[in-house]
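Below is the sequence, then the predicted model.
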Amino acid sequence: MIVVQRNEVNRTRIVCFLTIILSVLAFVAIAIYFSGASDAGRLLLVLLGLAALAGIIFSGIQLYGHPMRSQVLLFQTEDGMVLATNAIHEGFKLRFLRDILGENITAFSDEERERWNVLEADGFYATLNIRQVRKVIMLRLCTMIFDDVFYADRNNRWEHHESSNTSEPSFSKRETPRLTSWKSST
């Protein structure tokens, strides 16, 4: 598995868009010059067209496989915190958190699992049940790992820490994530 830094992902996306633009321009040039070219020139234009087509295909695959923004929801409960994420496929991040927090992670009871299953309709999955860890430490760890961190306290007040460009956001915004099925049950 390859772990790519956040700024490297953005550079790759820019390179893919530029490749698609240059490939389209190559197709336009081929269309303009093909009829007036010699046989050898036509062969080169056909090879250029094949290279442009390959560039579009590979860039499209790269953009399609581009990782989505990893978001995490932290819910403060009476007993601790519940971490829900939309990036289950990035299990290495969750294993990293589990290794750091160690004995502070407990299993969900059946009632708690039922309570947090509501988030699955919005694409979030309750993954870690954390006890006796301070909010500041959890926010710091999550902003180091995930792109968007949403924190909800016991009074259902939300904080949004956007850390896709840096792991040290200087402020939070009062935003809630786009949750259609979540009710204020925490």
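Thanks, I have it. Numbering: from 1, shown residues only.

Could you report the pLDDT at the residue of the chain most remote from its centre?
Using Cα atoms, centre = their mean, the residue of the chain lying farthest from its centre is residue 38. It sits 49.4 Å away. Listed pLDDT for residue 38 reads 92.

Just after the lengthiest helix in the chain, pick out the following helix or strand.
In the chain, with assignment by DSSP state H, the single longest helix is helix 6-33. Following helix 6-33 in sequence order, the next helix or strand is helix 39-64 (DSSP states H and E).

how far off helix 6-33 does that following helix point, in degrees?
With axes from the mean of the first three to the mean of the last three Cα atoms, to 10 degrees as the basis, helix 39-64 and helix 6-33 are set at 150 degrees to each other.

Mind listing what's buried along stretch 142-157?
Buried residues in stretch 142-157, counted by 16 or more other Cβ atoms under 10 Å: 142, 143, 145, 146, 147, 148, 149, 150, 151, 152. C-betas here are computed from N, CA, C, even on glycine.

coming back round to it: quick one: distance of the longest helix of the chain to the chain centre.
Averaged C-alpha coordinates place helix 6-33 at 23 Å from its chain's average position (Cα atoms, centre = their mean, to the nearest Å).

ditto for stretch 136-147
The answer for stretch 136-147 is 14 Å, by Cα atoms, centre = their mean.

let's have the chain start at 54 instead
Got it, the first residue is 54 from now on, which makes the last one we talked about stretch 189-200.

Just the mean pLDDT for that stretch, thanks.
Computed over stretch 189-200, the average pLDDT equals 83.

Would you mind putting the CA coordinates of it into CSV?
This file holds the C-alpha atoms of stretch 189-200, laid out as CSV (Å, rounded to 0.1, in the frame of the first residue of the first chain):
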residue,chain,number,x,y,z
VAL,A,189,-7.6,18.2,22.7
ILE,A,190,-5.5,15.0,22.2
MET,A,191,-8.2,13.4,20.0
LEU,A,192,-8.6,16.5,17.9
ARG,A,193,-4.9,16.7,17.4
LEU,A,194,-4.6,13.1,16.4
CYS,A,195,-7.5,13.3,14.1
THR,A,196,-6.4,16.5,12.3
MET,A,197,-3.0,14.8,11.7
ILE,A,198,-4.7,11.9,10.0
PHE,A,199,-8.0,12.9,8.4
ASP,A,200,-8.9,15.8,6.1
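
How about the contacts made by residue 94?
Residue 94 makes contact with residue 86 under the criterion Cβ atoms under 8 Å, 6 or more residues apart in numbering.

That'll do, ta.
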